[in-house]
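S.K.: Requesting a structural model of the entry that follows:
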Amino acid sequence: MTQPFKDKRSGIYYIRRRVPKDVKPLFPDMGEFYKRSLQTSCPREAKTRFVAEWAKSEELFRLARLQSQSDYQPTALDAVQLAARWAQEELDTLELSGEYEQFLICFSDGSVETLASCFGSGKARDLLRRKDFGEIRRTALDGLISGQLAHHNLPPATPGSSFEAQLREAFVAKQLELSEVALRRYNDDHAATLSMPPAAPLSSEVARSPRVEDKLSQVFDAWARWTSDTDGDSRDVRKRIGEYRATINRFIELLGDLPVGRIKRKTIEEFQSLLRRLPSKGEGIRALSAPEQLAKADALDLPRLSTVTVKNRLMALSAVLSYAVRMEYLGENPVTASGITQQLAKASNKASRTAPRKSYTNNELVQIFSSPVFRGEWSPPRASFGKAWFWLPLLLCYSGARREEIAQMRAREVRQSEDGIWYLDLMSTPDEDGNDERTMKTIGSHRAVALHPDLIELGFLAYAAELPQDGQLFPSLTPNPDGWYGHNFGKRWGEYLKKVVDLQSPVRPAHGFRHAFKTMCREAGIPEEIHDAMTGHDNGSISRKYGERQLLHIQRDYLARLPSIARLASLLF
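M.R.: The predicted structure is shown next:
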């Protein structure tokens, strides 16, 4: 989570957050980051001020979004109030310093005149239209206005808008008036004062509703922006936001879009009770709303969500409410305060002692690879993923790789080492044009994995060689909206195992190959550091360098110890 950062030279703490993409065009002078001094070198004080400053930045970006969508537009009265507040602050400062010359025209003979003598008499609107007002004066005026908008935590005025013109007119008018007062004070006439409009709040201040009224959906949107800003706009972050959104939507469907201030410990108890009644599976349940799912589960006595799933849903809600506490929407996080997740964790730990296995057995692997798709006797009824149906499961089985690591590969990443060993270069370095947005789960995930001899004998090298080397290893796999190449294939693969292969197994359809590979390695006596290197598992107790993971001839020799699943399934003889 983002924290205040300390300037090494001054020792002062700052807030530094990336400007959200959707409002970045509205702040052309801000750059990539919103950065403000917290004006303290005390780390504890910095954390407190950081939360307040983050909330202030959220409000700034919220108003900018509203302004761009025409849901909130500042008025001429706002321009008058801003100019009046500025002029009064300037006059107060001048009276303390006595430097009235700042708003006067000073000549070499010691005489002084007001700004009106330079600009000319007349209304501010007329002066702004004069050609001799000049770009320098206009630029200085716009800089002053921009600073005052920032001072009041307001977004820049929309270029060319009526509000921009109103601001210029109001500030020029107050500059001229302030100059007249400054001349009188300069001449020891302290009776003169500014003509001030009746004090009134800005429309943005009226628009700010109390935080206790902010609804859960609004707080979630703020949390999602926070997460995207702090953790980066990667596929993993988008996936997490999507999963948490599903939980928030479930809450809203079941209990309503409550103001966060009304979410109490008893609300969490009610939510977890409803979650426990939701079905874990059942034909057509995904198309139903949460209340409809409850009714169907009760009527048909469908299997319900597991304790682990309920806990994970509550933890997702807890993450959003923890953000609400940091941003002072809430005084406490009712999820953690209720203690329900701790109770569920204990229950799930007890259940895990008899948890379903994660790895395919050898018999299940034989059943899979002797099934119709590997004998060329089956075609997909819907989406066709080309040769991925044949090669992707085999590669997963013989490499222990993650589904996405194989699905996103380029054809050129099937490579041969200098000593003639063929290998998979999993998650190779980005393209030179910098547009390769593929991601890794860990540092260890970027690795070279030797090809098992069975894959070569089955013709994998010939398949890869026929493809355009700059293209995908599986051209028919296209990324989903979140950028995952293997997502859609994974869903169809699960359906194939269930409906065509009739595989009765608790194992996750694609990830089961990864666990099976690890199991086969252990049974074959392959050292842990070797199969960890092949699967990309980082073990903190073992110091490994990247170069040490590239000992392909050792991998090849150890892979030969594994059972030949292809021969057991009669793919090879």
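
S.K.: Secondary structure element for the closest residue to A116 other than its chain neighbours, which one?
M.R.: Computed as CB to CB, 6 or more residues apart in numbering, the closest residue to A116 that is not its neighbour in sequence is L176, at 5.3 Å. Just so you know, the C-beta spots here come from the backbone N, C-alpha and C atoms, and that holds for glycine as well. Secondary-structure assignment from DSSP states H and E places L176 in helix 162-186.

S.K.: could you give the mean pLDDT of that helix?
M.R.: The average of the pLDDT scores along helix 162-186 is 89.

S.K.: for that helix, packing partners?
M.R.: Helices and strands touching helix 162-186, by 3 or more CB pairs under 8 Å, 6 or more residues apart in numbering; DSSP states H and E, are helix 76-97, strand 104-106, strand 112-114, helix 115-119, helix 124-129, helix 135-151.

S.K.: Rebuild the ones you listed as TSV, extending it with mean neighbour count, distance to Q367 and mean pLDDT.
M.R.: Below are the helices and strands packed on helix 162-186 laid out as TSV (neighbours: other CB atoms under 10 Å; distance: least, CB to CB, whole Å; pLDDT from 0 to 100):
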stretch	mean neighbour count	distance to Q367	mean pLDDT
helix 76-97	18	72	89
strand 104-106	16	93	84
strand 112-114	17	94	84
helix 115-119	17	89	74
helix 124-129	16	82	78
helix 135-151	14	67	87
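
S.K.: returning to what we had before: return the set of buried residues in the helix holding L176.
M.R.: For helix 162-186, the neighbour count (16 or more other CB atoms under 10 Å) marks 163-164, 166-183, 185-186 as buried.

S.K.: Quick check: closest non-adjacent residue to the residue nearest the centre of the chain.
M.R.: The chain has S228 as the residue nearest its centroid, 2.3 Å off, counting by CA atoms, centre = their mean. The shortest distance from S228 to any non-neighbouring residue, by CB to CB, 6+ apart, is to V237 (6.2 Å).

S.K.: and the strand or helix carrying that neighbour, how far out from the chain's middle?
M.R.: Assigned by DSSP H and E, V237 falls within helix 235-255. For helix 235-255, the separation from the chain centroid amounts to 13 Å (computed by CA atoms, centre = their mean, to the nearest Å).

S.K.: Next secondary structure after it?
M.R.: Downstream of helix 235-255, the next assigned helix or strand under DSSP H and E is helix 265-277.

S.K.: Is G490 located within a helix, as I assumed?
M.R.: Yes - under DSSP: H, G, I helix; E, B strand; the rest coil, G490 falls within a helix.

S.K.: Other residues contacting stretch 301-311?
M.R.: Residues from elsewhere that reach stretch 301-311 (CB atoms under 8 Å, 6 or more residues apart in numbering): 272, 275-282, 285, 296-297, 313, 341, 344-345, 347-348, 351.

S.K.: avg pLDDT for that stretch?
M.R.: Averaging the model's pLDDT scores along stretch 301-311 yields 88.

S.K.: domains for the protein, by residue range?
M.R.: Per automatic domain parsing, the domain ranges recorded for the chain read 5-207, 216-352, 362-568.

S.K.: before we move on, the earlier item: buried ones among the contacts of stretch 301-311?
M.R.: Buried residues within those, defined by neighbour count using 16+ other CB under 10 Å: Q272, L275, R277, L278, P279, I285, K296, A297, R313, T341, L344, S348.

S.K.: Now for these: which two are most distant?
M.R.: K296 and T341 (27.2 Å; CB to CB).

S.K.: any idea where the strands of this structure begin and end?
M.R.: Here the chain has its strands, by DSSP state E, at 5-6, 13-18, 33-37, 104-106, 112-114, 414-416, 422-426, 447-450.

S.K.: Distance to R137 for these - can I get that in a markdown table?
M.R.: As requested, the strands of the chain are exported to a markdown table (distance: least, CB to CB, whole Å):
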| stretch | distance to R137 |
| --- | --- |
| strand 5-6 | 38 |
| strand 13-18 | 33 |
| strand 33-37 | 29 |
| strand 104-106 | 13 |
| strand 112-114 | 15 |
| strand 414-416 | 65 |
| strand 422-426 | 62 |
| strand 447-450 | 63 |
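
S.K.: Compare these and report which one is nearest to T247.
M.R.: The closest of the strands of the chain to T247 is strand 13-18. By CB to CB, the value is 25.0 Å.

S.K.: Report the strands that pair with the closest one, each with its relative direction.
M.R.: Sheet pairing of strand 13-18 (DSSP bridges) gives strand 5-6 (antiparallel), strand 33-37 (antiparallel).

S.K.: Quick one: residues in contact with that strand.
M.R.: 2, 4-7, 32-38, 40-41, 43, 46, 49-50, 53-54, 57, 229-230.

S.K.: Which positions in it come out as buried?
M.R.: So, applying 16+ other CB under 10 Å, buried residues of strand 13-18: Y13, Y14, I15, R17.

S.K.: Kindly indicate which of these lies nearest G525.
M.R.: Relative to G525, and with distances defined as CB to CB, the nearest of these is R17, at 51.3 Å.

S.K.: Okay, now the unreliable bits of the stretch 201-350 of the chain?
M.R.: Low-confidence segments of the stretch 201-350 of the chain (pLDDT under 70): 205-213, 348-350.
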